[in-house]
Each structure stands twice: as structure tokens, then as C-alpha cells.
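Chemist: Sequence first, predicted model second:
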Amino acid sequence: MMKQQASPRSGGSRDPGIFPRILVALTALGVMPYFLLKVAWIFGAQWGIEHTSELGAAVVLTGNIITAVLDVLLVAMMWALGRRAAVNIPWWLILIPSWFAAGLLLPFIFTGPVIAAMVLNGNGTTDGTLSLWVGPLVYLSFATQAVGVVLMLGWYLRRRWGRSLEAHGAHEQLPLQHGFTALLLGILGILVASLLYSSIRCFARATTLMQDQAASGDPQRSLAWLTDYSNSAFAITAVIGLLALLRQLLRGRGFTQVGARLKWWPILLLAASGAALAGSALYAVVLFGIGAGTSGQGQELWELLLLFSSGILCGVGALLVIANGQHPRAVFTSLQASSR
């Protein structure tokens, strides 16, 4: 288990400074517009509502209440991460919810600005339930939250574990047994292959969908191509992070080279990209489950599950590297023992 107490090397005893406060304010600013709109809907206002949703009033009301509560919890979590005492919070209580929050929000960094630009250019689309202006407000709100959450998560990881991890990366060499090295490389190879397959598949499907919509001239076109392009990009960035991290971890025949300094950007890139893939796939599966999905656009359940599994594995891989930085030799020694 990771250490719960801060050490002088982690920087946990120092004043966090103004940067986390700016991120909390940025996240709250992103939450506020859509949160206020949902509160208005909960109390019966019809702002931005053109027609009653096919999901039913009870489902919509429940969804608005749950997501409004989640908005409050998100801001509270960001505030907690920026406090000096945050280094004493159990790691799983921090990393797991913040990782999933980042995953659900990250895709909107791409989709939010694109949808807003389409509406401003008169090319916006809606299913008729909500007014056109609601889409840009919602997606730009999510995009702003995503920026705040990801920056805060990266800042917190480096603040709590960064120096310890870099110190172990600079002075420790963890030799791996040949059999375990082969097993590890095999698993990573399968993960890279699945990510590349998902990226190519999403890109091809998005391109085909855009071409079909352009040929049909349908003004109420689907925006599924935007999600697919986003997933394709995140899969590629996950591969980049994974290969860069693998290059650091498997130099020569050891876990790291003596004197090598373990860089943080591959860990953050792998964790963020994996979170985005898992969050996007999970969101699509939930939509299918409640009957709001669009299965006619070529998405198969097994593809979504593959994308979700790949994202989870990326997140677990990043977590293992962080855990090993706290307990050198312990993590990978136990993994080698269990693989015998």
C-alpha cells in the first residue's frame, strides 16, 4: 500500500500556493452554468427545453438531481486536493474518483469547442428536445471542468509522490526475471495492439460517417463522428505514453537504469488518455443501457468493452508505476512471484 504520510521529499508539508486555488476557481466556473440550469430544471423551469424527452420525466429528473450532486462533489474534491492536508488522504480515495472524473470530462476538451463553433456558424444540430444554445453551454462547461481536473490531478500527483518517484528512478535498479519480462512485454504488446486497433477503427468509422452525412445533406446529422475522432486521438496518445514509459522502465535488462531520471509526462499522458477512453466507453454503454444510445452508427458492444478495458489497463499501469515509486522492488517483486 502506498504511504499515507507526507515526507519532506514529497513537498506535502509546504504551502500549496495559489495554483491549486486557481484550478478550483476554474472548475467552479465551469460547473456553474450547467449546474444552475439543472437546478432550474429540477424546480420545474423550462429554459432551453423544446419538447419532453422520450426517456420520461422521472428519468430526466433523477438524472438532473444525481448530476447536480456530482457537480457539487467535484468542486469539493478539487478544493480538498488543493489543501495542505490532502497528502494525508488515503490514495485510493483520491486517485480512483478523480481518475474517473477526468475520464468522463476529458473528451469534451475536443467536442465542446467544436460543437460551440458549429452552433455559432449556423451548423448546429439537436434532436429537438433542447434548444441549440444548450449544447455549447453544456459541452464548454464540461471542457472547462476537464482542464481544471486534469491539471489539478497532475499537480497533486507530483506534489505527493513526484520527488519520491523521481528519486527511486534515479538510484534504483530493479532487475526482472526473464520469464516475467517476457510476460510483461506480452501484456503490453497486446494492450498496444488493442489501442492501435481501436484508434484505426474509430477513425475509419468517423470518416465514413462524415462522408455519408455530407452525401445525404441531412441537417440533423449525428455528432458520433466527433466522439470517434476523439477516441482515436486518445488511443494514439495512450500508445505514445505507454511506449515512452516502457522505454524508461525496461532499459537494458532492469526496471530502470541507474542514474536515469524517471520522467512524469508519460505517466500523466498514459493515465489521462486511459481515463478518457474508459470514460467515453462507459458513457456510451450507459446510454445504450437506458435506451439513449445510437447503435445504428456502427458501434458494437464488444468494441466499447475493448475500449473500456484498454483504458482501465492504462490507468492501472500508471498506478503501478506510482506505487512502485513508493515501495521500490515490492510491487514488481510480488507480481513476479504471482506469475510463477
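Modeler: The structure has been received and is ready for your questions. Please read these numbers as outputs of a predicted model, since none were measured by experiment.

Chemist: which residues of the protein score low on pLDDT?
Modeler: Residue ranges of the chain with pLDDT under 70: 1-15, 50-55, 122-128, 162-184, 214, 216-222, 249-262, 288-299, 323-340.

Chemist: swap the cut-off to 50 and go again
Modeler: The chain contains residues with pLDDT under 50 at 1-11, 169-177, 219-220, 252-260, 294-296, 328-332, 335-336, 339.

Chemist: How about stretch 209-216, which residues are buried there?
Modeler: Buried residues in stretch 209-216, counted by 16 or more other Cβ atoms under 10 Å: 209-210, 213. Quick note: C-beta positions are derived from backbone N, CA and C, even for glycine.

Chemist: can you put these in JSON lines and add distance to G148 and secondary structure?
Modeler: Shown next, in JSON lines, are these (distance: Cβ to Cβ, whole Å; DSSP: H, G, I helix; E, B strand; the rest coil):
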{"residue": "L209", "distance to G148": "31", "secondary structure": "helix"}
{"residue": "M210", "distance to G148": "31", "secondary structure": "helix"}
{"residue": "Q213", "distance to G148": "33", "secondary structure": "helix"}
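
Chemist: In TSV: these, plus distance to L277.
Modeler: What follows is the buried residues of stretch 209-216, written out as TSV (distance: Cβ to Cβ, whole Å):
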residue	distance to L277
L209	19
M210	21
Q213	24
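
Chemist: of those residues, closest to L104?
Modeler: When the buried residues of stretch 209-216 are compared for distance to L104 (Cβ to Cβ), L209 wins out at 22.9 Å.

Chemist: Pretty sure that closest one sits against T227.
Modeler: No - look at L209 against T227 with Cβ atoms under 8 Å: they stay out of range, at 10.3 Å.

Chemist: contacting residues around F35?
Modeler: 68, 71-72 (Cβ atoms under 8 Å, 6 or more residues apart in numbering).

Chemist: would you turn those residues into JSON lines with secondary structure, neighbour count and distance to L307?
Modeler: Below are these laid out as JSON lines (DSSP: H, G, I helix; E, B strand; the rest coil; neighbours: other Cβ atoms under 10 Å; distance: Cβ to Cβ, whole Å):
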{"residue": "A68", "secondary structure": "helix", "neighbour count": "19", "distance to L307": "28"}
{"residue": "D71", "secondary structure": "helix", "neighbour count": "22", "distance to L307": "26"}
{"residue": "V72", "secondary structure": "helix", "neighbour count": "11", "distance to L307": "29"}
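
Chemist: what's the closest of those to G30?
Modeler: D71 (9.5 Å).

Chemist: ok, back up a step: can I get the contacts of F35 in JSON lines with distance to I187?
Modeler: Listed next are the contacts of F35 as JSON lines, based on distance: Cβ to Cβ, whole Å:
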{"residue": "A68", "distance to I187": "40"}
{"residue": "D71", "distance to I187": "37"}
{"residue": "V72", "distance to I187": "39"}
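
Chemist: Out of these, the closest to S141 would be?
Modeler: D71 (9.3 Å).

Chemist: so the closest one touches V31, yeah?
Modeler: Yes - the pair D71 / V31 is scored as a contact, 4.8 Å apart, by Cβ under 8 Å.

Chemist: Mind listing the shared neighbours of the two?
Modeler: With Cβ under 8 Å, 6+ apart, D71 and V31 have no common neighbours.

Chemist: which stretches of the stretch 51-200 of the chain form helices?
Modeler: In the stretch 51-200 of the chain, the helices defined using DSSP state H, counting those that start in this stretch lie at 57-81, 91-105, 108-120, 134-157, 163-171, 178-216.

Chemist: and those, which is most packed in?
Modeler: Of all those, helix 134-157 carries the top mean neighbour count, a mean of 22, counting by mean count of other Cβ atoms under 10 Å.

Chemist: Quick one: work out the angle between that one and helix 57-81.
Modeler: 30 degrees (axes from the mean of the first three to the mean of the last three Cα atoms, to 10 degrees).

Chemist: Alpha carbons of helix 134-157, as CSV, please.
Modeler: Extracted C-alpha coordinates of helix 134-157, given in CSV (Å, rounded to 0.1, in the frame of the first residue of the first chain):
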residue,chain,number,x,y,z
VAL,A,134,-27.9,24.3,-24.5
GLY,A,135,-25.3,22.2,-26.3
PRO,A,136,-22.5,24.7,-26.4
LEU,A,137,-23.2,25.7,-22.8
VAL,A,138,-23.1,22.1,-21.6
TYR,A,139,-20.1,20.9,-23.5
LEU,A,140,-18.0,24.0,-22.9
SER,A,141,-18.9,23.6,-19.2
PHE,A,142,-17.6,20.1,-19.3
ALA,A,143,-14.4,21.1,-21.2
THR,A,144,-13.6,23.8,-18.6
GLN,A,145,-14.1,21.3,-15.8
ALA,A,146,-11.8,18.8,-17.6
VAL,A,147,-9.0,21.3,-17.8
GLY,A,148,-9.3,22.1,-14.1
VAL,A,149,-9.5,18.4,-13.1
VAL,A,150,-6.6,17.1,-15.2
LEU,A,151,-4.3,20.0,-14.2
MET,A,152,-5.2,19.5,-10.5
LEU,A,153,-4.7,15.7,-10.7
GLY,A,154,-1.3,16.1,-12.4
TRP,A,155,-0.3,18.8,-9.8
TYR,A,156,-1.4,16.6,-6.9
LEU,A,157,0.4,13.5,-8.2
